[in-house]
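Engineer: Sequence first, then the predicted structure:
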Amino acid sequence: MPDTPTPATMHKNPSAGATAVAATPTSSDSTKPLADRGRTALAVGVVEKIAGMAAREVVGIHALGSGLSRTFGAMRDRVPGGKSSIGRGIKAEVGEKQTAIDIALVVEYGVVIPELARQVRENIIDAVERMTGLEVVEVNIAVNDVHLPDEPDVEEEEEEVPSAGQRPKLK
């Protein structure tokens, strides 16, 4: 993968899509504990996936992403060999010790949005800090839509029954 940093590229350019978590080497490395020698590279996609999984654990979220990203994501999921993106609707900025996360949500009708936002924020911060060791400085939440009970999902809209003269869609 071109986005995956290697130790050599991190040494040359630490901001190339990843962050180094740990101390930088000094002349007294031989006195440091073994676990503190070297760097750990975290790609931006790692933080985005962790945040996406953490957000989906909260009851009341219908989907992540804006309408356009969900539509393109649904089409990409149907392409043979295409992979669904757990990080869809998530944008992370990752530094050496801190990260900031933006997330776009579609919520279920009837949920209390400020309470849902608090739960999403807490879940994302807990998961990202626990799994990466990075400090989450902010989680910005944009609620882009409310899913109504009688509204079809994007995936359901694409599976309409073909009319006469049309070929059925292949799966």
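Structural biologist: Looks like it came in fine.

Engineer: Could you give the average pLDDT over the lengthiest strand in the chain?
Structural biologist: Longest strand in the chain, counting residues (DSSP state E): strand 135-147. The pLDDT scores in strand 135-147 average 96.

Engineer: Show me the shaky parts of the chain.
Structural biologist: Judged by pLDDT under 70, the chain has its weakly predicted residues at 1-29, 67-85, 153-171.

Engineer: remind me, longest helix of it?
Structural biologist: Longest helix in the chain, counting residues (DSSP state H): helix 113-132.

Engineer: Show me what that helix is packed against.
Structural biologist: With contacts taken as 3 or more Cβ pairs under 8 Å, 6 or more residues apart in numbering; DSSP states H and E, helix 113-132 sits against helix 44-56, strand 98-108, strand 135-147. (Each C-beta comes from the backbone N, C-alpha and C, glycine too.)

Engineer: With distance to Gly38 and mean neighbour count added, can I get these in a markdown table?
Structural biologist: Listed next are the helices and strands packed on helix 113-132 as a markdown table, based on distance: least, Cβ to Cβ, whole Å; neighbours: other Cβ atoms under 10 Å:
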| stretch | distance to Gly38 | mean neighbour count |
| --- | --- | --- |
| helix 44-56 | 18 | 21 |
| strand 98-108 | 20 | 20 |
| strand 135-147 | 21 | 16 |
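
Engineer: Could you export the ones you listed as CSV, including distance to Gly89?
Structural biologist: Formatted as CSV, the helices and strands packed on helix 113-132 follow (distance: least, Cβ to Cβ, whole Å):
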stretch, distance to Gly89
helix 44-56, 7
strand 98-108, 4
strand 135-147, 9
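
Engineer: nearest to Arg118, of those?
Structural biologist: When the helices and strands packed on helix 113-132 are compared by Cβ to Cβ, strand 135-147 sits nearest Arg118, at 9.5 Å.

Engineer: Using PDB, write out the CA atom coordinates for that closest one.
Structural biologist: In PDB, the C-alpha atoms belonging to strand 135-147 read as follows (Å, rounded to 0.1, in the frame of the first residue of the first chain):
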ATOM      1  CA  GLU A 135      -4.200  12.100  22.900                       C
ATOM      2  CA  VAL A 136      -7.500  13.000  21.200                       C
ATOM      3  CA  VAL A 137      -7.700  16.800  21.400                       C
ATOM      4  CA  GLU A 138     -11.100  17.100  19.800                       C
ATOM      5  CA  VAL A 139     -13.900  15.100  18.100                       C
ATOM      6  CA  ASN A 140     -16.000  17.300  15.800                       C
ATOM      7  CA  ILE A 141     -19.400  15.800  15.000                       C
ATOM      8  CA  ALA A 142     -21.600  16.900  12.000                       C
ATOM      9  CA  VAL A 143     -25.100  15.400  11.900                       C
ATOM     10  CA  ASN A 144     -26.000  15.500   8.200                       C
ATOM     11  CA  ASP A 145     -29.300  13.700   8.200                       C
ATOM     12  CA  VAL A 146     -32.000  12.000  10.300                       C
ATOM     13  CA  HIS A 147     -33.100   8.600   9.100                       C
END
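
Engineer: Cheers, nothing more for now.
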